[in-house]
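Chemist: Next one to model:
(one chain, ligands or ions: 1)
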Amino acid sequence: MKPPLIVANWKMHGGQADCARLARQIARGLRQNSAEIEVVLAPPFTALNAVHRALRGSALKLAAQNCHWESQGAYTGEVSSMMVREQGCRYVIVGHSERRHVFFETDAMIGRKLAPIMAQGMGVILCVGETLDQRQSNQTASVVRRQLQLALKGLAKADIANVEIAYEPVWAIGTGQNATPKQVSQVHGKIRSWLVQRVGAAGKGTRILYGGSVKPENVASLVAVDEINGLLVGGASLKSESFLPIVRAFSQK
Ligand code: PGA
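Modeler: Have a look, this model is predicted:
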């Protein structure tokens, strides 16, 4: 298994100076941890370059929060994988629930993004997760399976095993209500079995992250879940005082 992966998703927060400052604080705070854990920062597009420069000399990596599937073209307001790679990105987050539910990205649209991102030499962080209605009507496993199937459809087996999967129940994102360790462990277990069935033993090495209201106060209970190989952190990643304890807690795993 690769080292645990912790991703800070800053969403639409911060100008260049704020993001660069936060990146430097986090890099400074993690100097000793860098070997045991992979830490990735995903600022808004407009701060990618500033954060890339702020991270020089550190082991932290840069991610984009989204990209388009084409490398260029008449797509007003979009940014391609080639463009974010040029800014220094090593990863792209794909299929975040806000992209799915606020901007109506479909599984088919999401599925078209993975191969171009990998062709640029970057890693994919693919988000999947059910809504509250879907959980309450017992559809969690089928929703997550369908999201995985459709997003990973066009990829070779070896590439599928390299995708980072983030299980983020929609009802837990930004709500302060995180999934319980038992709920996370059940869904992660199902994702793992599906991966192994789909790509064989290589699927045992795919990192499966959890995201949704991760905070310093609940990180210990999540670290204890064997099936969790990393975290995707939103709100608590916007301050080094809350993000650093989360990374440190995970370094003990
Ligand atoms: P949250 O966001 O930690 O603020 O719930 C997580 C995410 O959206 O990735």
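Chemist: Ignoring the adjacent residues along the chain, who's closest to residue 97?
Modeler: For residue 97, ignoring the flanking residues on the chain, the nearest one in space by C-beta to C-beta, 6 or more residues apart in numbering is residue 170 at 4.6 Å. For glycine as for every other residue, the C-beta is placed from the backbone atoms N, C-alpha and C.
Chemist: so the one you found sits right up against residue 95, yeah?
Modeler: No - between residue 170 and residue 95 there is no contact under C-beta atoms under 8 Å: 11.7 Å.
Chemist: Can you tell me the SS state at the residue nearest to residue 29 when sequence neighbours are not counted?
Modeler: Leaving aside its chain neighbours, residue 29 sits nearest to residue 244 (4.4 Å; criterion: C-beta to C-beta, 6+ apart). On the three-state scheme (DSSP: H, G, I helix; E, B strand; the rest coil), residue 244 is labelled helix.
Chemist: was I right about residue 223 contacting residue 251?
Modeler: No - contact criterion C-beta under 8 Å: residue 223 and residue 251 do not qualify, at 9.4 Å.
Chemist: Tell me, how many residues neighbour whichever residue of the stretch 151-253 of the chain sits closest to the ligand?
Modeler: As assessed by C-beta to the nearest ligand atom, the ligand sits closest to residue 234 within the stretch 151-253 of the chain, at 2.2 Å. Residue 234: 22 surrounding residues under other C-beta atoms under 10 Å.
Chemist: Leaving out the residues flanking it, which one is nearest to it?
Modeler: Residue 234's closest residue in space is residue 9 (C-beta to C-beta, 6+ apart), at 5.0 Å.
Chemist: Quick check: beta-bridge partners of that neighbour?
Modeler: residue 42 (DSSP bridges).
Chemist: I'd like the distance between it and the ligand.
Modeler: Look at residue 9 and the ligand: by C-beta to the nearest ligand atom, to the nearest Å, they are 4 Å apart.
Chemist: For the most centrally placed residue in the chain, give me phi and psi.
Modeler: Centroid-nearest residue in the chain, with C-alpha atoms, centre = their mean: residue 125, separated by 4.4 Å. Main-chain torsions, residue 125, degrees, to the nearest 10: phi -110, psi 100.
Chemist: can you check residue 11 too?
Modeler: Dihedral angles for residue 11 - degrees, to the nearest 10 - are phi 50, psi -140.
Chemist: which residues touch it?
Modeler: Residue 11 is in contact with 44, 65, 98, 234, counting by C-beta atoms under 8 Å, 6 or more residues apart in numbering.
Chemist: interface residues of the stretch 51-200 of the chain facing the ligand?
Modeler: Neighbours of the ligand within the stretch 51-200 of the chain, by C-beta under 6 Å from any ligand atom: 168, 173, 174.
Chemist: check contacts around the first one.
Modeler: It refers to residue 168. 96, 97, 127, 128, 129, 210, 211, 212, 232.
Chemist: And for residue 166?
Modeler: Contacts of residue 166 by C-beta under 8 Å, 6+ apart are 7, 93, 125, 126, 127, 128, 208, 209, 210, 211, 232.
Chemist: again with residue 120
Modeler: If you count contacts by C-beta under 8 Å, 6+ apart, then residue 120 has 81, 82, 85 around it.
Chemist: what's the pLDDT at it?
Modeler: pLDDT recorded at residue 120 is 98.
Chemist: What residues of stretch 148-164 count as buried?
Modeler: Neighbour counts over stretch 148-164 (16 or more other C-beta atoms under 10 Å) mark 148, 150, 151, 152, 155, 159, 160, 161, 162, 163, 164 as buried.
Chemist: now swap in stretch 193-208 and tell me
Modeler: Buried residues in stretch 193-208 (16+ other C-beta under 10 Å): 194, 195, 199, 203, 206, 207, 208.
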